[in-house]
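Q: sharing a model that was predicted from the sequence below.
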Amino acid sequence: MDLLSKLNKGLRFGGGASSGTLIHENEQAILDAATQLLNNSATGAQLLNFAAQNGIKMHVLRNKTDIGYVAAESMAYISTPAGQSMPGMRAVIHLAGALRRAQQETIPGLKTPKSALFTPKDQYVTTMLAKDKDVLMTQTVVVYEISKVNGLSEIVDEFAAMGYLSLYKAHQEDMKSQGLE
Amino acid sequence: MGHLILGLMNWQKLDRNETAKIIQRVSSTPDGALFSITTSEATAAHLPFYQGFMLVRLTNYATLPSFTLDFLSDGNSFYLLDGSPDPLQKIAARGALNLNERNVVEYVDFFFKHVTTEEGDIYLIRDVDDMPFMDSLSLDQQLHIRRAHSDIGVAYNRADDSFAVSADLYFAGVLLKATLMVAPDGQIEVTNHSMLMSENTTSGANTGLR
């Protein structure tokens, strides 16, 4: 398909994908693909075990942006545009991030501060930065494990498209220097 | 032409009662509500091309990261802007779309900000300095783009009540000059284009594409 056809396909009315709910029409297929991939990573499998043991529900919402987040300790969401099938490689990265954010609530030092109003500013900022860094590092490890252990290099391309190729390579170098690759 | 820039829209914060009503209407999922009144904020903005519908933004500051959903609403119905063109089609089908030569560019900009494709977002280039990757280009490349860039043009076609918008777009790693046909029902079709710069000449740029 040429550029113009791809462009017009995305703009065309009449897809009819939008439903009356917030839930994505392909939720089950997206979650099935993402959890299957996540199980191929030791870190990912541990996150899924955590979710199962703690009753954390996973959902896919319709939204313009691809993102993973936690709305409450027991709800992990990823989102993707309606009418599109979120690639499994992308879904697994966001799902790993969302589940890790849920898991952080059980980890001292990574639990979300109650409120910026009642927490010293420095402490609040330090904790929030640590949480973001921890999520990103978890995603990097999951991408590395899925890529190396299972030979699925497409997930590295997806991580690179998110802007994290250098982080992936740094982790890869770490593994090499430790004789783990 | 004095176009309103959507990023500078006049957002108005809604009061707690109004926010609570919206949350009750829109945020339910099978496992609970996505937004709570204590941690969420609702804002609304007027859109010049819609009559009776406003853009409503609901943000939950308690989620990590904070989470936002945008809707088009007349106060009773809420259409989630979900990245597909469907909500815009539905609003137009209700007779709320009122396009003219003064607001059609705003509509195109709004459309591209809220509809995405499998290949990523489409950027309407109104100002070359606001292009997503401009800073990462060489000075020669920046000069090339500035010379090739032209202001957005609008022509009305009385025969079918459509508009032809000529503009520069950035899509899928390509900067292109295109004509966008905007039908009376709000559907947009790109009818012709010429390439100004491709991904190969912008290597290393953070294009923001997925």
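A: All right, it came through fine.

Q: how many other residues sit next to B:Gln141?
A: Using other Cβ atoms under 10 Å in any protein chain shown, the number of residues around B:Gln141 comes to 17. C-beta: built from backbone N, CA, C; applies to glycine.

Q: same question for B:Pro30.
A: 10.

Q: can you check B:Ile23 too?
A: Quick note: B:Ile23 (other Cβ under 10 Å) scores 19 neighbours.

Q: and if you look at B:Ser138?
A: 11.

Q: ok, it - contacts?
A: If a contact means Cβ atoms under 8 Å, 6 or more residues apart in numbering or on different chains, then B:Ser138 has no contacts.

Q: again with B:Asp70
A: A:Lys64, B:Leu55, B:Val56, B:Arg57, B:Leu58, B:Leu80, B:Leu81, B:His114.

Q: now go through these and say which are in strands.
A: B:Leu55, B:Val56, B:Arg57, B:Leu58, B:Leu80 (DSSP state E).

Q: please report the distance of the fourth one from A:Leu136.
A: The reference is to B:Leu58. B:Leu58 sits 27 Å away from A:Leu136, going by Cβ to Cβ, to the nearest Å.

Q: more neighbours, those two?
A: B:Leu58 (23 against 15).

Q: phi first, then psi, for B:Ile122.
A: Backbone torsions for B:Ile122, taken as degrees, to the nearest 10, come to phi -110, psi 130.

Q: okay, helices next: where are they in chain A?
A: Here chain A has its helices, by DSSP state H, at A:3-11, A:27-38, A:42-53, A:88-104, A:121-150, A:154-161, A:165-177.

Q: nearest to chain B, out of those helices?
A: helix A:3-11 (2.7 Å; Cβ to the nearest Cβ).

Q: may I see the buried residues of that closest one?
A: Residues of helix A:3-11 classed as buried: A:Leu3, A:Leu4, A:Lys6, A:Leu7, A:Asn8, A:Gly10, A:Leu11 (neighbour count, 16 or more other Cβ atoms under 10 Å in any protein chain shown).

Q: for stretch B:153-173, same thing?
A: Going by 16+ other Cβ under 10 Å, stretch B:153-173 has these buried residues: B:Val154, B:Ser162, B:Phe163, B:Val165, B:Ala167, B:Asp168, B:Leu169, B:Tyr170, B:Phe171, B:Ala172, B:Gly173.

Q: mind listing the strands the strand or helix carrying the third one pairs with, and their directions?
A: This means B:Phe163. Using DSSP states H and E, the element containing B:Phe163 is strand B:162-171. Sheet pairing for strand B:162-171, assigned by DSSP bridges, gives strand B:122-125 (antiparallel), strand B:153-157 (antiparallel), strand B:174-182 (antiparallel).

Q: just the mean pLDDT for it, thanks.
A: Averaging pLDDT along strand B:162-171 yields 93.

Q: if we can go back for a sec, closest one of the buried residues of stretch B:153-173 to B:Asn98?
A: Nearest to B:Asn98 out of those is B:Phe163 (Cβ to Cβ; 12.4 Å).

Q: separation between the closest one and B:Asp151?
A: For B:Phe163, the distance to B:Asp151 (Cβ to Cβ) stands at 16 Å.

Q: again with B:His193
A: B:His193 is 17 Å from B:Asp151, by Cβ to Cβ.
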